[in-house]
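# turn this into a structure:
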Amino acid sequence: MEVREGRLGGKVAVITGAASGIGRSSAERFAAEGARVVVADLDAGGAQEAAATITRDGGEATHVRCDVTRAEDARAMVEAAVERYGGLDILFNNAGSATSPRPVEETSEEDLDRALAVNVKGVFLCSQAAIPALRDGGGSIIVTASIMGVRARPGFTAYAASKAAAIHLARTLALELAGDGIRVNCLAPVATDTPMLSTFIGDRDPDQGRAAFVSTIPLGRLAAPADVASAALFLASDESAFITGAVLPVDGGRGI
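Here you go, the predicted structure:
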């Protein structure tokens, strides 16, 4: 990883769900562009390994274990960033919980509760905890939503509802925080080639499940974590200084 005084030079970023997938790719990309990164994840070992990799490659990173559904964890995560790096400029609410495809009448209350807890409550709590630090110099909050939060897909009622709620939460925050110079935007990825993909495929044959998703994407492939990381980098950087309340599809045309 080549580290340079790049698009995020001098900025401090907290990324949740950063031990793998989109979060890890984004942590590495942000660090390569000059950010000091707090790698936050429920998987403490994975977060530590991701931060160590960034540091070994010349970037600057630390790690924290964080359950985004717990307010005390969210506060501790932000405190770690402020204590270690002196402030906070970027919060990337990327942690998410997926559901396997099933009819609505077979969707359990537990599935719904988990999707709402991580994908909505987690965004709320982490954003709430970060606002005082972000307010000091303005900043950017990014939310990983989903194209399923924009365009419905049968079989994913709980997940799609939670991501639609996350989008409206982000838009509400964008209006409320604009006066403080804090921008809030969403990413809406299509199915992405990460460990979470197996949950979306469920009991189907893996190859057939992947093919089913790809068949709905005009550009003919799944999203790669790097695709989403590139979009997150744009929303984190000053290049998007006049963008707030937006939902940026990273979907290969799925939402058209």
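
# what strands line up against the single longest strand found in the chain, and which way round?
Counting by DSSP state E, the longest strand found in the chain is strand 182-189. Sheet pairing for strand 182-189, assigned by DSSP bridges, gives strand 139-144 (parallel), strand 247-250 (parallel).

# so which residues of the stretch 1-150 of the chain form helices?
Under the criterion DSSP state H, counting those that start in this stretch, the stretch 1-150 of the chain contains helices at 21-32, 44-56, 71-85, 109-116, 122-135.

# for those, which one sits closest to residue 6?
Comparing these by their distance to residue 6 (Cβ to Cβ), the top pick is helix 21-32, with 6.9 Å. Where C-beta positions appear, they are placed from N, C-alpha and C, glycine not excepted.

# report the distance from that closest one to the chain centre.
Centroid displacement of helix 21-32 relative to its chain, using Cα atoms, centre = their mean, to the nearest Å, is 10 Å.

# which elements pack onto that helix?
Packing contacts for helix 21-32, counted by 3 or more Cβ pairs under 8 Å, 6 or more residues apart in numbering; DSSP states H and E, involve strand 12-16, strand 36-41, helix 44-56, strand 60-65, strand 90-93, helix 225-236.

# relative to residue 245, which of the ones you listed is closest?
That would be helix 225-236 among these, by Cβ to Cβ, at 11.5 Å.

# would you mind listing the buried residues in the closest one?
For helix 225-236, burial by neighbour count (16 or more other Cβ atoms under 10 Å) applies to 225, 227-229, 231-236.

# returning to what we had before: as TSV, the helices of the stretch 1-150 of the chain with distance to residue 209 would be great.
As requested, the helices of the stretch 1-150 of the chain are exported to TSV (distance: least, Cβ to Cβ, whole Å):
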stretch	distance to residue 209
helix 21-32	17
helix 44-56	24
helix 71-85	33
helix 109-116	18
helix 122-135	26
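
# and those helices as JSON lines, adding mean pLDDT?
Below are those laid out as JSON lines (pLDDT from 0 to 100):
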{"stretch": "helix 21-32", "mean pLDDT": "98"}
{"stretch": "helix 44-56", "mean pLDDT": "98"}
{"stretch": "helix 71-85", "mean pLDDT": "99"}
{"stretch": "helix 109-116", "mean pLDDT": "98"}
{"stretch": "helix 122-135", "mean pLDDT": "98"}
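
# point out the most buried one among the ones you listed.
The highest average neighbour count among the helices of the stretch 1-150 of the chain, using mean count of other Cβ atoms under 10 Å, belongs to helix 21-32 at a mean of 27.

# hmm, who's touching it?
Residues from elsewhere that reach helix 21-32, judged by Cβ atoms under 8 Å, 6 or more residues apart in numbering: 1-4, 6, 8, 13, 15-18, 37, 39, 41, 50-51, 53-54, 57, 59-61, 90, 92, 94-95, 144, 189, 192, 194-196, 225-226, 228-230, 232-233, 236.
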